[in-house]
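**Student:** Could you work out the structure for the sequence below:
(one chain, ligands or ions: 1)
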Amino acid sequence: MIKDPEIYRNKNVVIAGGGDSALDWSIYLTDVAKSVTLIHRRNEFRGALDSVEKVQELKNLGKISLITPAEVIALVGETKLTGIIVEKKEESPKLLDTDHFIPLFGLAPKLGPIANWGLEIEKNAIKVNNALDYQTNIPGVYAIGDVNTYPGKLKLILCGFHEATLMCQSAYQKIYPNKKYVMKYTTVGGVEGFDGSKKEAPKPVVKAIE
Ligand SMILES: Cc1cc2nc3c(=O)[nH]c(=O)nc-3n(C[C@H](O)[C@H](O)[C@H](O)COP(=O)(O)OP(=O)(O)OC[C@H]3O[C@@H](n4cnc5c(N)ncnc54)[C@H](O)[C@@H]3O)c2cc1C
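**Tutor:** Modelled structure (predicted):
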């Protein structure tokens, strides 16, 4: 992943991948890097039409070098990366000098150490009680969002927000067992910011319509 684009300033960069991340970063880095080369194993890219067209435009302007259909088959360098070996279909592999190689091949979600916490796991996700508050088999440990599973689970942003809402209500009661929590609509009660400020919707008026 790219955490700080500035490290690529005035450097030669090779990006590999055919999705939105590869397209977006190729576009972005043309204004930062000395050179941007995009390598994809197919001629077709799967991404937002606007991004595909923008890469086409930047390629026509000579700002992005496109190598397709091709694959990066080796990295070259002794103490640091100095190049990559790229193999284009029906051509012999070639060395391409570069300062950075950024493979953007998608996400592979892994639980990592969480898998050994004693949580009940099913299909690489954490089982939760969706009938109540999204707690796991360990009391006080909640799991919300894509990381959890329960019957009928859908990996959607909306579902994650719903789970978060119920989880927060439950966690609040766990942390403050003696406090009574009264749920208020933000449209009625406003929203309190972390800085202590409060934002409220304009109050309704009572006015006749003639
Ligand atoms: C291509 C695509 C399109 C989608 N389109 C839609 C859509 O149109 N509508 C919709 O509702 N949903 C969509 N989704 C699903 C939606 O993106 C997910 O349901 C949602 O992002 C899940 O949110 P989350 O917070 O649970 O997990 P994530 O968004 O995956 O967030 C988890 C975060 O935890 C971080 N993380 C992981 N491990 C660690 C660690 N060890 N330490 C610290 N941080 C860590 C990750 O870097 C990540 O930032 C789409 C998903 C994909 C892949």
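**Student:** Which residues does stretch 196-210 contact?
**Tutor:** Taking contacts as Cβ atoms under 8 Å, 6 or more residues apart in numbering, the residues outside stretch 196-210 that touch it are 186-187, 189-193. No exception for glycine: its C-beta is placed from N, CA and C like everyone else's.
**Student:** ok, now with 6 Å
**Tutor:** Counting contacts by Cβ atoms under 6 Å, 6 or more residues apart in numbering, the residues outside stretch 196-210 that touch it are 187, 190-192.
**Student:** For that stretch, buried residues please.
**Tutor:** Using 16 or more other Cβ atoms under 10 Å as the burial criterion, none of the residues of stretch 196-210 qualify.
**Student:** Use 32 as the first number for this chain going forward.
**Tutor:** Noted, 32 is the first residue going forward, which turns the last one into stretch 227-241.
**Student:** Report the mean confidence score over it.
**Tutor:** For stretch 227-241, mean pLDDT rounds to 88.
**Student:** ditto for stretch 33-47
**Tutor:** Model confidence over stretch 33-47 averages 97 on the pLDDT scale.
**Student:** Any part of it near the ligand?
**Tutor:** No - legend: contact between stretch 33-47 and the ligand by Cβ under 6 Å from any ligand atom is lacking; minimum distance shown is 10.8 Å.
**Student:** what's the span of that stretch, first residue to last?
**Tutor:** 13 Å (Cα to Cα, to the nearest Å).
**Student:** in that stretch, what's buried?
**Tutor:** The neighbour-count check on stretch 33-47 (16+ other Cβ under 10 Å) flags 33, 39, 43-47 as buried.
**Student:** Give me the phi and psi angles of residue 171.
**Tutor:** Torsion angles at residue 171 (phi, psi; degrees, to the nearest 10) stand at phi 90, psi -10.
**Student:** Tell me the residues on this protein that lie near the ligand, please.
**Tutor:** Within the chain, the positions adjacent to the ligand are 143, 176-178, 186-189, 191 by Cβ under 6 Å from any ligand atom.
**Student:** Just give the number of residues close to residue 203.
**Tutor:** Taking other Cβ atoms under 10 Å as the criterion, the count of residues near residue 203 is 12.
**Student:** Can you check my assumption that it lies in a helix?
**Tutor:** Yes - counting by DSSP: H, G, I helix; E, B strand; the rest coil, residue 203 is located in a helix.
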